[in-house]
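Participant: Structure, please.
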Amino acid sequence: MRTFFLIMLLMISSALQSQERNQFSLGQITDSALKAFPPGRGRQLIESSYELKNSILRTSLMPSAILNAQASYQSDVTKLDIPMPGFQAPELAKDWYKVNVDLSQVVYDGGLVQAKMNYESADFLLQINKIEQAEEQLKTQVSDLFFGILMINNKIRILKVAISNLESMIAETTYKVERGILLKSELASLKSSLLRYRQQLTEAHASRDASLAMLSSLCHMTIDQSDSLVLPPYYPTKEYVINRKDAAEYGLLHSRAEGLKMTEISKRRPTLGLFGQAGYGRPGYNMLDDSFDHYFMVGVRLQYKIWDWNTKKHSLQLIGLQQQQTKLAQENYNLQHQGKWKAMQEELRQYDELISLDLEIIQLQQSVVTTSQAQFNNGDITGSAFVVEFNKHHQAILELENHKIMQSKKAYEIMLFTGIQ
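Facilitator: Okay, the predicted model is just below:
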């Protein structure tokens with residue numbers, strides 16, 4: 001009955017510890033890092049800026065009204081010095097006063113405003129794309145830290161098991177040395193290996209603490225040694241796709257260049273507008289009347305730049321050359337991207353075979369360690385010889401766990417590389 005209660009107490013204690021221990025998946029940490037990412041929060045600023053630019057462009061198509069007021073004094077005025085019997089020409093005053101309103105309305109602008117809006121739209125998408133590219137880099141940085149911590153945790157776990165085994169052997173060997181069954185040098189060999197394992201454990205703890213601090217800073221979460229990182233499921237992708245934001249940048253650059261090209265074309269088109277002026281002053285439009293009077297004028301204005309010294313032609317040629325450079329860069333990117341994807345697929349395929357071989361090595365090495373331990377206990381081999389086999393077994397287990405983590409990491413890297421994730 002006492003044993004039963006002890007077992008129940010251990011089970012309850014273990015359950016409470018598991019509840020207190022937080023578990024974090026790669027998806028949770030990545031989402032948190034993206035929410036806290038400063039460039040990502042700047043997306044709203046870019047959207048607001050884009051809306052303001054469009055609003056400014058649209059106002060250029062709205063009616064314009066300008067109030068003008070002027071008072072002047074001039075040294076001379078127009079005079080009519082032609083003598084005519086019975087008629088005396090009026091003499092204008094030298095002080096003039098005018099208050100008028102100039103009205104204008106664009107009827108046709110050659111599509112210039114729409115072309116500029118198309119350009120701003122392409123530029124807006126390009127700026128958003130830059131943020132999304134930075135987010136892709138952040139995902140890679142987070143995943144590298146995440147899988148790196150998993151590998152360090154794996155190393156720490158195996159080191160602790162190895163240290164525990166060595167401590168048990170040292171206790172047993174100490175007993176035999178005290179009774180003269182084994183030499184003190186055998187005990188010293190085991191203790192030396194134990195110290196090296198403890199050194200490795202100290203280094204592993206320091207490395208994990210540094211990586212956890214960096215990961216916590218990136219995702220604005222508190223992740224410590226007691227928390228558990230869950231290895232993501234292994235999803236191999238065999239079909240080639242490309243959905244990365246840096247790949248989409250080339251298409252956006254082409255669209256922005258098209259918007260710039262249409263802007264240059266629209267500048268050379270004729271424009272048509274209405275205009276009008278209404279005011280009050282002295283003199284009005286009748287220069288022979290020196291009294292204050294109302295006046296107005298309405299009309300239609302056509303403007304067309306007859307010759308621009310081939311400015312439009314050269315600008316279009318320059319934009320065309322830039323588009324060709326973008327196309328070549330895109331072809332080179334696609335070629336290198338597909339080549340690297342094939343290389344990553346080959347790297348991923350090797351882990352199935354490596355894991356299978358690891359299992360065989362561990363099984364064989366376990367039998368070697370069991371035999372070596374029996375030989376060491378009987379005094380047939382030295383402690384150094386046993387430690388060599390023990391280390392091989394420890395290294396084989398570490399390689400197996402590392403290969404499992406690296407397989408999952410490579411599969412996740414492929415998803416990030418193709419833009420699936």
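
Participant: ok, and for stretch 165-175, which residues are buried?
Facilitator: 165-166, 169-170, 173 (16 or more other Cβ atoms under 10 Å). C-betas here are computed from N, CA, C, even on glycine.

Participant: what's the closest non-adjacent residue to residue 96?
Facilitator: Closest residue in space to residue 96, ignoring its immediate chain neighbours: residue 72 at 5.1 Å, by Cβ to Cβ, 6 or more residues apart in numbering.

Participant: pretty sure that neighbour belongs to a strand, no?
Facilitator: Yes. The assignment for residue 72 (DSSP: H, G, I helix; E, B strand; the rest coil) places it in a strand.

Participant: in which helix or strand would I find residue 68?
Facilitator: Assigned by DSSP states H and E, residue 68 belongs to strand 64-73.

Participant: chain center to that strand: distance?
Facilitator: 53 Å (Cα atoms, centre = their mean, to the nearest Å).

Participant: now for that strand, which elements pack on it?
Facilitator: Counting contacts by 3 or more Cβ pairs under 8 Å, 6 or more residues apart in numbering; DSSP states H and E, strand 64-73 is packed against strand 95-108.

Participant: ok, the strand it packs on: who's next to it in the sheet?
Facilitator: strand 64-73 (antiparallel), strand 271-282 (antiparallel) (DSSP bridges).

Participant: related to what we said a few turns ago, closest to residue 262 among the buried residues of stretch 165-175?
Facilitator: Distance to residue 262 across these (Cβ to Cβ) is lowest for residue 165, with 74.7 Å.

Participant: need the helices for the stretch 201-350 of the chain, in chain order.
Facilitator: Using DSSP state H, counting those that start in this stretch, the helices found in the stretch 201-350 of the chain span residues 245-267, 311-378.

Participant: can you redo the strands paired with strand 95-108 as CSV with mean pLDDT?
Facilitator: Converted to CSV, the strands paired with strand 95-108 look like this (pLDDT from 0 to 100):
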stretch, mean pLDDT
strand 64-73, 95
strand 271-282, 95
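
Participant: Dump these into CSV; add mean neighbour count and distance to residue 146 as well.
Facilitator: Listed next are these as CSV, based on neighbours: other Cβ atoms under 10 Å; distance: least, Cβ to Cβ, whole Å:
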stretch, mean neighbour count, distance to residue 146
strand 64-73, 10, 59
strand 271-282, 16, 59
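
Participant: who wins for proximity to residue 212 among the ones you listed?
Facilitator: strand 64-73 (62.1 Å).

Participant: Need the contact partners of that closest one.
Facilitator: 94-105, 279, 281 (Cβ atoms under 8 Å, 6 or more residues apart in numbering).

Participant: what's the answer for stretch 348-357, then?
Facilitator: 236, 400, 403-404, 406-407, 410-411, 414.

Participant: List the buried residues for it?
Facilitator: Buried positions in stretch 348-357, judged by neighbour count with 16+ other Cβ under 10 Å: 348, 351, 354-355.

Participant: Helices - which of the buried residues of stretch 165-175 land there?
Facilitator: 165-166, 169-170, 173 (DSSP state H).

Participant: Is it possible to get a markdown table of those that adds distance to residue 206 and pLDDT?
Facilitator: What follows is these, written out as a markdown table (distance: Cβ to Cβ, whole Å; pLDDT from 0 to 100):
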| residue | distance to residue 206 | pLDDT |
| --- | --- | --- |
| 165 | 23 | 82 |
| 166 | 21 | 85 |
| 169 | 27 | 82 |
| 170 | 25 | 87 |
| 173 | 30 | 83 |
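
Participant: Can you name the two of these that sit furthest apart?
Facilitator: Applying Cβ to Cβ across these, the maximum distance is between 165 and 173, 12.3 Å.

Participant: I figured residue 132 was touching residue 243, is that so?
Facilitator: No. Contact status for residue 132 versus residue 243: not in contact, 11.2 Å apart, counting by Cβ atoms under 8 Å.

Participant: Settle it for me: which of these two has more neighbours?
Facilitator: More neighbours surround residue 132 than the other of residue 132 and residue 243, with 17 against 10 (other Cβ atoms under 10 Å).

Participant: I'd like to know which elements the one helix or strand the more buried one maps to is packed against.
Facilitator: Assessed by DSSP H and E, residue 132 sits inside helix 112-178. Counting contacts by 3+ Cβ pairs under 8 Å, 6+ apart, helix 112-178 packs against helix 26-36, helix 38-41, helix 43-59, helix 184-219, strand 228-230, helix 245-267, helix 311-378, helix 383-418.

Participant: So which of those is nearest residue 300?
Facilitator: Closest of those to residue 300 is helix 245-267, at 20.3 Å (criterion: Cβ to Cβ).

Participant: quick one: buried residues of that closest one?
Facilitator: By 16+ other Cβ under 10 Å, the buried positions in helix 245-267 come out as 245-250, 252-267.

Participant: Without its sequence neighbours, what residue ends up closest to the residue positioned nearest the centre of the chain?
Facilitator: Nearest to the mean C-alpha position of the chain, counting by Cα atoms, centre = their mean, stands residue 134 at 1.6 Å. Leaving out its chain neighbours, the residue that sits closest to residue 134 by Cβ to Cβ, 6+ apart is residue 39, at 4.8 Å.

Participant: Enumerate every residue touching the one you found.
Facilitator: By Cβ under 8 Å, 6+ apart, residue 39 lies in contact with 131, 134-135.

Participant: same deal with residue 189?
Facilitator: Residues in contact with residue 189 (Cβ under 8 Å, 6+ apart) are 382-384, 387.
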